[in-house]
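In: Return a 3D structure for these sequence lines:
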Amino acid sequence: MNLEFNKNEDAMKLAVSQMKQRHAQVSLGGGKKAIEKAREKGKMTPRERIQYLIDKDSTFTEIGAFAGWEMYQEHGGCPAAGTVAGLGYIHGRQCVIVANDNTVKAGAWFPITGKKNLRLQEIAMENHLPVVYIVDSAGVYLPMQDEIFPDKEHFGRIFRNNAQMSAMGITQIAAVMGSCVAGGAYLPIMSDETLMVEGNGSIFLAGPYLVKAAIGENADLQELGGAKMHTEVSGIADYKFDTEQECLDQVRRIIDKMGEQPRAGFDRVTPVAPKKDENEIYGLVSVENTKAYDVVEVIERLVDNSEFDQFKQDYGKTIVCGYARIDGWAVGIVANQRKIVKSGKGEMQLGGVIYNDSADKAARFIQNCNQKKIPLVFLQDVTGFMVGTRSEQSGIIKDGAKLVNAVSNSVVPKITIVIGNSYGAGNYAMCGKAYDPRFIYAWPNAKIAVMGGEQAAKTLLQIQVAAMKSKGQEIDAEKEKELLKQITDKYNAQTSAYYAAARLWVDEIIDPLETRRVISEGINAANHNPDVKEFKTGVFQV
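Out: Numbering: from 1, shown residues only. This next block holds a predicted model:
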């Protein structure tokens with residue numbers, strides 16, 4: 001391998017190491033003292049609860065570990081949005097698992113907590129997966145109640161989704177390990193079965209302090225909403241247990257007895273490892289996202305036996321399309337090409353930009369995959385659509401709209417991996433978050449923004465300098481340079497993978513070596529939903 005490969009490899013491994021260190025930091029939740037305090041009450045951490053619940057030697061695919069990253073600092077932060085969640089296997093059955101973290105503000109819900117919980121319910125509904133809620137929450141975080149309580153995509157939407165999922169036949173099980181307060185009390189009761197841990201588990205609309213303030217009654221916590229009361233008096237809960245382990249054992253027994261459901265029927269054969277060394281994926285892409293590379297080389301380290309059948313290989317070269325298998329699953333791959341290529345007219349083009357012919361090719365390929373019921377994988381490293389007089393006169397907007405139409409109306413599962421840049425309308429055309437990918441992941445080097453940092457910073461600088469000059473302020477070259485650096489630093493921070501993951505623009509930041517596995521897990525999840533609709537593209541200009 002050449003020097004450039006070695007530099008890329010070292011930089012990517014360093015970025016992955018930083019990601020793992022940050023994940024370890026997030027995994028501590030509210031910190032070691034809060035964890036020890038919980039353990040004194042016989043409680044496990046949410047991650048320990050999940051590991052106990054899922055099958056031994058199985059892998060938990062976490063969603064939203066970096067949700068809330070560097071947010072709410074004035075409130076003490078909210079690691080992992082106060083919730084640990086993802087896809088796990090219970091008796092071989094893939095499930096969505098959502099566990100409150102009571103070490104983070106007693107499991108209280110911040111705005112990002114609501115967004116994360118709704119995202120997990122969306123995953124369950126889109127893929128018809130059973131849900132296990134491990135409940136241990138003090139309810140809405142009151143200092144921010146106006147940002148979490150009343151709106152359509154706030155706290156209350158959780159219970160609406162409980163009802164919708166029940167009507168869809170999606171099993172929901174609630175294991176109440178701690179507090180379940182106020183509006184949150186509806187979640188376990190709207191689930192199919194409710195389990196409680198005696199002593200720690202409690203469910204009530206109003207706790208002892210609020211009851212005292214509201215009606216003057218001195219209420220004992222256990223009599224008000226403990227496991228014994230709810231299993232023997234109110235009938236709200238179905239089971240009570242002395243320990244969390246016994247409670248989770250019962251959850252496993254319930255899942256074990258569930259009947260088989262119909263599948264979508266996506267094609268899968270016996271998996272074969274890539275022929276090319278998967279570890280070489282580290283050295284192919286620069287972490288700065290500025291260097292040209294051949295995306296086919298990346299694909300050949302993701303797909304079975306490194307076999308990739310390109311569609312229209314010699315046309316529209318800045319997008320690569322083709323058929324392959326990933327972990328045995330048949331897939332259609334749409335990937336931005338970043339190497340320097342020649343167009344049919346002889347010019348040199350730097351990939352990463354979507355041209356008319358590329359948009360046209362990708363739209364047609366997406367139609368083909370929908371016709372054949374083949375899931376789509378998008379590998380994003382896109383700087384946007386080509387601009388300029390020639391492109392506009394050639395109808396770049398028309399061809400871009402055709403691609404956006406195909407992506408928007410695609411009915412087969414779409415899984416998006418941001419392996420580099422994701423800028424402007426290119427984010428949309430390559431199935432960004434707004435276009436309903438079943439799952440969307442990012443490599444640590446990913447950048448998501450309306451445009452690149454350099455272009456954006458210069459544009460913002462011109463606006464700011466003009467405004468200052470209009471007020472009579474003198475701006476010399478040194479001051480302008482200082483302003484440009486401030487703007488660039490701020491903009492670049494907002495384009496990072498962590499900024500995106502904090503706000504759930506992506507489901508998770510992943511090690512590039514995990515790409516093949518998470519795609520397979522995503523298609524396996526999607527295969528549980530047999531309701532694949534008819535593909536219709538609507539009206540578009542040809």
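In: Which strands or helices does the helix or strand Gly522 falls within pack on?
Out: Gly522 is part of helix 515-526 when elements are defined by DSSP states H and E. Helices and strands touching helix 515-526, by 3 or more Cβ pairs under 8 Å, 6 or more residues apart in numbering; DSSP states H and E, are strand 61-62, strand 93-100, helix 111-127, strand 319-326, strand 329-336, strand 414-423, strand 439-442. In this view, the C-beta of every residue, glycine as well, is placed from N, C-alpha and C.
In: mind saving the C-alpha coords of the fourth one as CSV?
Out: Extracted in CSV, the C-alpha atoms of strand 319-326 (Å, rounded to 0.1, in the frame of the first residue of the first chain):
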residue,chain,number,x,y,z
ILE,A,319,-22.5,7.8,-8.9
VAL,A,320,-21.7,4.1,-8.8
CYS,A,321,-24.7,1.7,-8.8
GLY,A,322,-24.8,-2.1,-8.7
TYR,A,323,-26.0,-5.3,-7.2
ALA,A,324,-24.2,-7.4,-4.6
ARG,A,325,-24.7,-9.3,-1.4
ILE,A,326,-23.9,-8.2,2.1
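In: That strand vs strand 414-423, what angle?
Out: Counting by axes from the mean of the first three to the mean of the last three Cα atoms, to 10 degrees, strand 319-326 lies at 140 degrees to strand 414-423.
In: Identify the neighbouring strands of strand 319-326 in the sheet and state each direction.
Out: If you go by DSSP bridges, strand 319-326 pairs up with strand 309-310 (antiparallel), strand 329-336 (antiparallel).
In: which of those strands is buried the deepest?
Out: Of all these, strand 329-336 carries the top mean neighbour count, a mean of 25, counting by mean count of other Cβ atoms under 10 Å.
In: related to what we said a few turns ago, redo the helices and strands packed on helix 515-526 as JSON lines? Include distance to Asn162 and mean pLDDT.
Out: Output for the helices and strands packed on helix 515-526, formatted as JSON lines (distance: least, Cβ to Cβ, whole Å; pLDDT from 0 to 100):
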{"stretch": "strand 61-62", "distance to Asn162": "23", "mean pLDDT": "98"}
{"stretch": "strand 93-100", "distance to Asn162": "12", "mean pLDDT": "98"}
{"stretch": "helix 111-127", "distance to Asn162": "8", "mean pLDDT": "97"}
{"stretch": "strand 319-326", "distance to Asn162": "33", "mean pLDDT": "98"}
{"stretch": "strand 329-336", "distance to Asn162": "31", "mean pLDDT": "98"}
{"stretch": "strand 414-423", "distance to Asn162": "26", "mean pLDDT": "96"}
{"stretch": "strand 439-442", "distance to Asn162": "22", "mean pLDDT": "98"}
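In: For the ones you listed, state which one has the densest average packing.
Out: strand 414-423 (a mean of 27).
In: Can you tell me the strand partners of that one and which way each runs?
Out: strand 376-382 (parallel), strand 439-442 (parallel), strand 447-449 (parallel).
In: of all those strands, which lies closest to Arg93?
Out: strand 439-442 (18.5 Å; Cβ to Cβ).
In: Need the residues that contact the closest one.
Out: 123, 415-418, 431-433, 448, 497, 500-501, 505-510, 515, 518, 522, 525 (Cβ atoms under 8 Å, 6 or more residues apart in numbering).
In: Just the buried residues of those residues.
Out: Among the contacts of strand 439-442, those classed as buried by neighbour count (16 or more other Cβ atoms under 10 Å) are 123, 415-418, 431-433, 448, 497, 500-501, 505-510, 515, 518, 522, 525.
In: Provide a list of residue ranges in the stretch 351-500 of the chain with pLDDT below threshold.
Out: 351, 453, 456-457 (pLDDT under 70).
In: Now tell me what touches the longest helix anywhere in the chain from outside.
Out: In terms of residue count, the longest helix belonging to the chain (DSSP state H) is helix 3-27. The contact list for helix 3-27 (Cβ under 8 Å, 6+ apart) reads 1, 47, 65-66, 69, 79-80, 280, 282-288, 291, 444-445, 498, 509, 511-512.
In: Tell me how far Pro274 lies from Cys180.
Out: Going from Pro274 to Cys180 by Cβ to Cβ, to the nearest Å gives 46 Å.
In: give me the number of residues near Asp220?
Out: Look at Asp220: counted by other Cβ atoms under 10 Å, it has 10 neighbours.
In: Now do the contacts for it.
Out: Neighbours of Asp220 in contact, by Cβ under 8 Å, 6+ apart: Pro208.
In: Provide the contact partners of stretch 525-542 at residue level.
Out: Contacts for stretch 525-542 (Cβ under 8 Å, 6+ apart): 87, 94, 123, 126-129, 261-266, 367, 370-371, 373, 375, 395, 398, 401-402, 405-406, 409-413, 438-439.
In: at 7 Å instead, please
Out: With contact meaning Cβ atoms under 7 Å, 6 or more residues apart in numbering, stretch 525-542 is reached by 87, 94, 126-129, 261-264, 266, 370-371, 373, 375, 398, 401-402, 405-406, 409-413, 438.
In: Buried ones only from those residues, please, as a PyMOL command.
Out: Of those, the buried ones go into a single PyMOL selection, burial set by 16+ other Cβ under 10 Å:
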select buried, resi 87+94+126+127+128+129+264+266+370+375+401+402+405+406+409+410+412+413+438
